[in-house]
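> Predicted model follows, preceded by the sequence.
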Amino acid sequence: MENIGLLDEMRRLLDAAQRAVVFTGAGISTESGIPDFRSPGTGLWNRVKPIEFDRFMASDAVRQESWRRRFTGAREMEGAKPNKGHQAVAKLVEEGKVVGVITQNVDNLFQDAGIPERQVVELHGNATYATCLTCGTRYEMEALKTQFGERERIDPCRLCGGIIKSATISFGQAMPEDAMRRAREYTESCDLMLATGSTLIVYPAAGFPEYAKRLGARLVILNREATPLDGIADLVVHDEIGRALSYVVGIN
């Protein structure tokens, strides 16, 4: 395996840490068959223009188009399973080496890998369920899919009449206050941050690894491609994420 020396150093840094935090982007889930957002030709944003939050809120027709895309378009997330990268992070959490995961992903795969929900901070929300934007009532996607199949629309919230939306953060939508607060708390208390599978160009999310380094934590970056923060990191490894993390934590 390439990069064995660098991966051994990553293991040493993790062993020395008392409160490590993992920061992840879409790159950790591509090995589960979920495309990322920016890859030329294959990225999700190359296939369909995202619907911005203001347009979603302003028009019932736009909302129904959003649901149509959700239930009739390509659905790579459905049936996706945690890969070795998620499993390796889950093992680090189980061992107590990693105290929390800050993720830009919306696929729920860290929870599916066994990481307690309380230790996963989802900066961009979660695509596996929906919520009423007024009262917060949760709606499961399977029930909404059935409703859309029968009526070709999603009705307002049955409790308050509010707008139901996938529990993801859309373009133009405010970042979730609670998730941002929890991410700051993890960042401010960690002594090592492992950033993996992220281009580290989408802010404010990408500001957390930079902030951790500025506060004195070690910064380790594991990614297939170079990132803008490589120059300030204590260790940079360019490798396949699942393979590299499997080696570091000792799983097959």
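That came in fine, so what should we check first? This is a predicted model, so every value here is computed, not measured. Residues are numbered from 1 along each chain as shown.
> Toward the C-terminus from the helix or strand of the chain with the lowest mean pLDDT, list the very next helix or strand.
Per-element confidence for the chain was summarised using mean pLDDT, DSSP states H and E. The lowest value among helices and strands belongs to helix 44-47, with a mean of 47. The first helix or strand that comes after helix 44-47 along the chain, using DSSP states H and E, is helix 53-58.
> For that next one, buried residues please.
53, 55-56 (16 or more other Cβ atoms under 10 Å). Yep, even glycine has a C-beta here, placed from its N, CA and C like the rest.
> Give the other helices and strands that that helix contacts.
Using 3 or more Cβ pairs under 8 Å, 6 or more residues apart in numbering; DSSP states H and E, the elements in contact with helix 53-58 are helix 60-72.
> domain ranges for the chain?
Structural domains assigned to the chain are 1-34+81-124+175-252, 38-75+126-168, following automatic domain parsing.
> Could you report the pLDDT at Glu2?
According to the prediction, Glu2 has pLDDT 73.
> swap in Asp36?
At Asp36, the pLDDT recorded in the model is 73.
> The one 3 residues further on now?
Reported pLDDT at Ser39 in the predicted model: 49.
> for the stretch 51-200 of the chain, what spans make up the strands?
Shown for the stretch 51-200 of the chain, the strands assigned by DSSP state E, counting those that start in this stretch span residues 98-103, 120-122, 125-132, 138-140, 164-168, 192-196.
> how about these, which one is nearest Lys49?
Lys49 lies closest, by Cβ to Cβ, to one member of these: strand 164-168, at 15.8 Å.
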